[in-house]
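>>> A predicted structure for the sequence below; I have some questions about it.
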Amino acid sequence: DAGVIQSPRHEVTEMGQEVTLRCKPISGHDYLFWYRQTMMRGLELLIYFNNNVPIDDSGMPEDRFSAKMPNASFSTLKIQPSEPRDSAVYFCASSSLGGPGNTIYFGEGSWLTVV
Amino acid sequence: AQKVTQAQTEISVVEKEDVTLDCVYETRDTTYYLFWYKQPPSGELVFLIRRNSFDEQNEISGRYSWNFQKSTSSFNFTITASQVVDSAVYFCALSDREGGGFKTIFGAGTRLFVKA
């Protein structure tokens, strides 16, 4: 079975540009998560969806970040305008169960560099 | 509040040594789950194990073993006869129902270097 698929794997962009990260969750999984990993803050949950509906976006750092899930097989995380401090690895993940017992399966990450 | 502490930032061992990675957690929930993930140099996060708060039985999977002790709020991970391929960052994670929803939070990770 295919795992969580993210694109692009690597992105280098200039400050002020719009960045869109894409994710395809594992088929049949109805929870989707976006995490950000940095050296300073580790792995942080940004937002998660259940059945395409955003449930908790309290981790989204500011209004420059937005996430959508138009259907069960696709989600985007957008940063507009991007800033150098947004440089990080962004992971998309999915799970098939709600609640604390879920095992979250991660994509390979999108490595973002904003210069 | 939820908290996961991995006090060991980096560990360096020589191949074939045993190594234990520590994880201490905090939660007010009585039902919770603990996880270990591996992040090799290639960057992906690989799920290793999940334990629930009602099952304190230790688990062994090949060279990997996990020791869950509720009395000390610890969920330690031991690699026996370490190999170079075990070099990675290992994350401990906690998931519970605190706050009405659920969140999985991760420790800061322990970077393991296994030298040949």
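Arrived safely.
>>> wait, isn't residue A:90 in contact with residue A:43?
No - Residue A:90 lies out of contact with residue A:43 (CB atoms under 8 Å); the separation is 10.7 Å. Every residue, glycine included, has its C-beta placed from N, CA and C.
>>> Identify the contacts common to the two.
Shared contacts of residue A:90 and residue A:43, defined by CB atoms under 8 Å, 6 or more residues apart in numbering or on different chains, comprise A:35-37.
>>> Would you mind listing where the chain has pLDDT under the threshold?
I'll assume chain A. Chain A contains residues with pLDDT under 70 at A:1, A:98-100.
>>> that's the wrong chain, I meant chain B
B:1, B:98-102.
>>> From the contact counts, what lies against the helix or strand hosting residue B:13?
Assessed by DSSP states H and E, residue B:13 sits inside strand B:10-14. Helices and strands touching strand B:10-14, by 3 or more CB pairs under 8 Å, 6 or more residues apart in numbering or on different chains; DSSP states H and E, are strand B:19-21, strand B:110-115.
>>> Could you list the residues in contact with it?
Residues contacting strand B:10-14 (CB under 8 Å, 6+ apart): B:19, B:21, B:82, B:110-115.
>>> What about chain A: which of those residues touch it?
Restricting the contacts of strand B:10-14 to those touching chain A (CB under 8 Å from any CB of the partner chain) yields no residues.
>>> Can you select the buried ones among those residues for me in ChimeraX?
Those of the contacts of strand B:10-14 that count as buried under 16 or more other CB atoms under 10 Å in any protein chain shown are selected in ChimeraX with:
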select /B:19,21,82,110,112,114
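>>> mind checking which helix or strand the closest residue to residue A:96 other than its chain neighbours is in?
Distances taken as CB to CB, 6 or more residues apart in numbering or on different chains place residue A:29 nearest to residue A:96, at 4.8 Å, with adjacent residues excluded. Counting by DSSP H and E, no helix or strand carries residue A:29.
>>> Could you do residue A:69 as well?
Assigned by DSSP H and E, residue A:69 belongs to strand A:65-71.
>>> Residue 108 - nearest residue in space that isn't next to it in sequence?
You didn't pick a chain, so chain A it is. Nearest residue to residue A:108, sequence neighbours excluded (CB to CB, 6+ apart): residue B:44, at 4.6 Å.
>>> Hmm, no, I was thinking of chain B.
residue A:42 (4.9 Å).
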